[in-house]
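Enquirer: turn this into a model:
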Amino acid sequence: MTAPKHTPGPWRADSSFAHFWMVDANLGTIAHGCHEADARLISAAPDMLAALLDVLDCIVCDNPHDDPTQQTYSIRGPMRDALVSAHEAIARAEGAK
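Expert: Okay, the predicted model is just below:
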């Protein structure tokens, strides 16, 4: 896995003023003026991306004929659809077109 291009975590949601949420990282503010739910989701993004990458790695290790770069999986049905969706979400998070 390559190093992430995003600001490294951990990110945390913080409310300094009523109805004014910020997402901070060690290197500064990631987002400000967010609603609480948005701030919490944004602050969890680095952890969710890392967890999703780990899950896909585990699935591919268990199914050596699978190739997530080509979205070819031996698993069929809803699980395959979930794998494809996960791969697409990772690609968006990493800036792929």
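Enquirer: if you count contacts, what does the longest helix along the chain end up packed against?
Expert: Scanning the chain for the longest helix, with DSSP state H as the assignment, gives helix 36-62. Helices and strands touching helix 36-62, as assessed by 3 or more CB pairs under 8 Å, 6 or more residues apart in numbering; DSSP states H and E, comprise strand 12-17, strand 20-25, strand 28-34, helix 78-93. Placement of C-beta: from N, CA and C, glycine included.
Enquirer: can you list the weak-confidence ranges in the chain?
Expert: 1-4, 16-20, 27, 60-74, 97 (pLDDT under 70).
Enquirer: okay, which residue is most central for it?
Expert: Leu49 (2.5 Å; CA atoms, centre = their mean).
Enquirer: and that one, how far from Leu56?
Expert: Distance, Leu49 to Leu56, by CB to CB, to the nearest Å: 11 Å.
Enquirer: ok, and the closest non-adjacent residue to His35?
Expert: Closest residue in space to His35, ignoring its immediate chain neighbours: Trp21 at 6.6 Å, by CB to CB, 6 or more residues apart in numbering.
Enquirer: check Thr7 too.
Expert: Counting by CB to CB, 6+ apart, the residue nearest Thr7 is Ala25, at 4.8 Å.
Enquirer: near the one you found, how many other residues are there?
Expert: Around Ala25 there are 16 other residues, counting by other CB atoms under 10 Å.
Enquirer: ok, it - contacts?
Expert: 7-12 (CB atoms under 8 Å, 6 or more residues apart in numbering).
Enquirer: does Arg40 really touch Asp14, like I thought?
Expert: No: between Arg40 and Asp14 there is no contact under CB atoms under 8 Å: 10.5 Å.
Enquirer: thank you kindly, that will do.
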